[in-house]
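Undergrad: Here you go, sequence then predicted model.
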Amino acid sequence: MKLFRLAAVLAVLAGPAYAQMPNLNLLQEGPGKTPEEKAAEAEREKAYKETLKKIPDSKASNDPWGGMRSDPPKQLAAPKASAATSAPKKTKGGTAAN
């Protein structure tokens with residue numbers, strides 16, 4: 001009976017460790033493709049790319065609220081560095097110190 005309990009405890013403790021083992025596949029992808037399969041795949045890829053070229057570019061926006069919006073906000077110009085350094089410095093009393 002003690003042996004059965006010991007086996008049960010070891011099985012319970014080994015479960016989480018087994019779940020963390022990486023899944024190793026030693027046969028990577030199996031047998032390689034035949035030349036006929038490679039040619040068929042290349043033909044499918046070529047047909048797919050040609051089909052993508054036939055799709056027209058979308059010209060109009062599908063935005064139903066596009067006409068309701070105002071002009072986009074304008075980008076503010078970055079303040080010049082020289083303007084920030086030429087301003088008079090204020091002291092605690094609020095007067096400019098030169």
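TA: Cool, got the structure. Being a predicted model, the structure only gives us computed values, none of them experimental.
Undergrad: Can you report how many residues lie near residue 65?
TA: 6 (other Cβ atoms under 10 Å). The way it works is simple: take the backbone N, C-alpha and C, and place the C-beta from them, glycine included.
Undergrad: and what of residue 35?
TA: Neighbours of residue 35 (other Cβ under 10 Å): 7.
Undergrad: same thing with residue 11?
TA: Residue 11: 10 neighbours (other Cβ under 10 Å).
Undergrad: Also the one 4 residues further on?
TA: For residue 15, the tally of surrounding residues (other Cβ under 10 Å) stands at 9.
Undergrad: Residue 37 is in what secondary structure piece?
TA: Using DSSP states H and E, residue 37 falls within helix 35-54.
Undergrad: What residues of that helix count as buried?
TA: Using 16 or more other Cβ atoms under 10 Å as the burial criterion, none of the residues of helix 35-54 qualify.
Undergrad: can I get the CA coordinates of it in PDB?
TA: Taking Å, rounded to 0.1, in the frame of the first residue of the first chain, the C-alpha atoms of helix 35-54 are listed here in PDB:
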ATOM      1  CA  PRO A  35       8.900  18.500 -58.800                       C
ATOM      2  CA  GLU A  36       5.300  18.200 -59.900                       C
ATOM      3  CA  GLU A  37       4.100  19.500 -56.500                       C
ATOM      4  CA  LYS A  38       6.600  22.300 -56.600                       C
ATOM      5  CA  ALA A  39       5.500  23.300 -60.100                       C
ATOM      6  CA  ALA A  40       1.800  23.200 -59.100                       C
ATOM      7  CA  GLU A  41       2.600  25.400 -56.100                       C
ATOM      8  CA  ALA A  42       4.500  27.900 -58.200                       C
ATOM      9  CA  GLU A  43       1.600  28.000 -60.700                       C
ATOM     10  CA  ARG A  44      -0.900  28.700 -57.800                       C
ATOM     11  CA  GLU A  45       1.300  31.400 -56.400                       C
ATOM     12  CA  LYS A  46       1.600  33.000 -59.900                       C
ATOM     13  CA  ALA A  47      -2.200  32.900 -60.400                       C
ATOM     14  CA  TYR A  48      -2.700  34.400 -56.900                       C
ATOM     15  CA  LYS A  49      -0.400  37.300 -57.600                       C
ATOM     16  CA  GLU A  50      -2.000  38.000 -61.000                       C
ATOM     17  CA  THR A  51      -5.400  38.000 -59.200                       C
ATOM     18  CA  LEU A  52      -4.200  40.500 -56.700                       C
ATOM     19  CA  LYS A  53      -3.100  42.800 -59.500                       C
ATOM     20  CA  LYS A  54      -6.600  42.800 -61.000                       C
END
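Undergrad: Lovely, talk soon.
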